[in-house]
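S.K.: here you go, sequence then predicted model.
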Amino acid sequence: MATADNSLASPAETSSAADVVIDVSGSGFASIQDEWVAEPGVSELCLMFNAIERIEKLDGLTSLRKLNLRANRIAEMRGLGSLSQLAELELYENRIERIEGLEGLEALTMLDELHLGRNKINSLAGLAGLPALRVLGVASNRHRCPQGTLDSTLVRLERLHTLDLSANRLAAIEASLREASTARPTPTLACRCASLASLEELWLNTNPIATLSDVAQLSTLPVLKTIYLEGCPVSKLADYRQALLRLAPRLQQLDADMIPQS
């Protein structure tokens, strides 16, 4: 169990008339310390690159807008219910297997960005109560999207602007809101996106998406401007670029390439 020498790792605190920022990154702490949460005016708490195992002691931080717990040892999404002003939550590279602790948290009406990449998550169930969410990052997890799991969540995220599902196990994009055919293998039921009218950026690179028919439903995303499919088998097809531009005529970027605008 990692420990820390408090004399060598005092929190870096900056403040203005309106904001208090506490940064205790890379100090080896295994738990959230009382002194970090003693100031109720804290607006940003940065605890990345530690060994923290639990989200706790945050009930008094009613002004907290940014919480960064990247690269810790957190296995459960708990202890967030009182953070009514939280706009950005960073939990990249932890040990989370399920999205939980968010169910019923109507208080998180301000949550704009949620970053959950490099965990062990295989379902997005639990996000439906976050209607203000605009940026969702769940790259490098274990998504296979069994029927009814991903689509029942995404259809409620009507303000979603950026969705990162790269490096998962998605084999197709299913944009229809119709019931999925049971004749198709479960992994092809990747995501049903028809209600995502605000989606501008979609990252699907490094997934087993193989054919143009698997991405045909991109045409239902009316304002899509950027898509990444690099590293997917479909990106190696001879007519890949032309087909994507036909499906999504408003594209401004395909993978790393900018699309000339007329």
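M.R.: In hand now; what should we look at? Numbers count the residues shown, from 1 in each chain.
S.K.: okay, domains of this protein per the record?
M.R.: Per the record, the chain has its domains at 1-112, 122-262, by automatic domain parsing.
S.K.: CSV for those domains, including mean pLDDT and mean neighbour count?
M.R.: Yep, even glycine has a C-beta here, placed from its N, CA and C like the rest. Output for these, formatted as CSV (pLDDT from 0 to 100; neighbours: other Cβ atoms under 10 Å):
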stretch, mean pLDDT, mean neighbour count
domain 1-112, 85, 17
domain 122-262, 80, 18
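S.K.: where along the stretch 1-150 of the chain do the strands fall?
M.R.: For the stretch 1-150 of the chain, the strands defined by DSSP state E, counting those that start in this stretch occupy 12-15, 20-23, 42-46, 66-68, 88-90, 113-115, 135-137.
S.K.: mind putting those into TSV with distance to L102?
M.R.: Listed next are these as TSV, based on distance: least, Cβ to Cβ, whole Å:
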stretch	distance to L102
strand 12-15	29
strand 20-23	23
strand 42-46	18
strand 66-68	13
strand 88-90	9
strand 113-115	9
strand 135-137	12
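S.K.: so which of those strands is nearest G129?
M.R.: strand 113-115 (11.8 Å; Cβ to Cβ).
S.K.: who touches that closest one?
M.R.: By Cβ atoms under 8 Å, 6 or more residues apart in numbering, the residues outside strand 113-115 that reach it are 70, 87-92, 127, 130, 133-137.
S.K.: same thing with stretch 48-60?
M.R.: 1-2, 4, 24-32, 34, 37, 40, 64, 67-80, 82-83, 90, 101.
S.K.: what about the helices in the stretch 101-250 of the chain?
M.R.: 150-154, 240-247 (DSSP state H, counting those that start in this stretch).
S.K.: which residues touch W203?
M.R.: 139, 162-166, 227-228.
S.K.: distance of L221 relative to L204?
M.R.: Separation of L221 from L204 (Cβ to Cβ, to the nearest Å) stands at 12 Å.
S.K.: now do the same end-to-end measure for stretch 118-138.
M.R.: 7 Å (Cα to Cα, to the nearest Å).
S.K.: now stretch 63-80
M.R.: 13 Å.
S.K.: contact partners for S140?
M.R.: Contacts of S140 by Cβ under 8 Å, 6+ apart are 117-118, 166-168.
S.K.: isn't L204 up against A167?
M.R.: No - counting by Cβ atoms under 8 Å, L204 sits too far from A167 to count as a contact (9.5 Å).
S.K.: re the thing from before, ok, of the contacts of S140, which one's closest to D239?
M.R.: S166 (22.8 Å).
S.K.: let me see the ranges of the strands in the stretch 151-262 of the chain.
M.R.: 162-164, 201-203, 226-228, 253-254, 257-258.
S.K.: where's the spatially closest residue to V135 that is not a sequence neighbour relative to L80, distance?
M.R.: Leaving aside its sequence neighbours, V135 sits nearest to E113 (Cβ to Cβ, 6 or more residues apart in numbering; 4.1 Å). The gap separating E113 from L80 is 14 Å, by Cβ to Cβ.
S.K.: same question, D257
M.R.: Relative to L80, and taking Cβ to Cβ, D257 is found at 39 Å.
S.K.: same deal with Y92?
M.R.: Taking Cβ to Cβ, one finds Y92 at 16 Å from L80.
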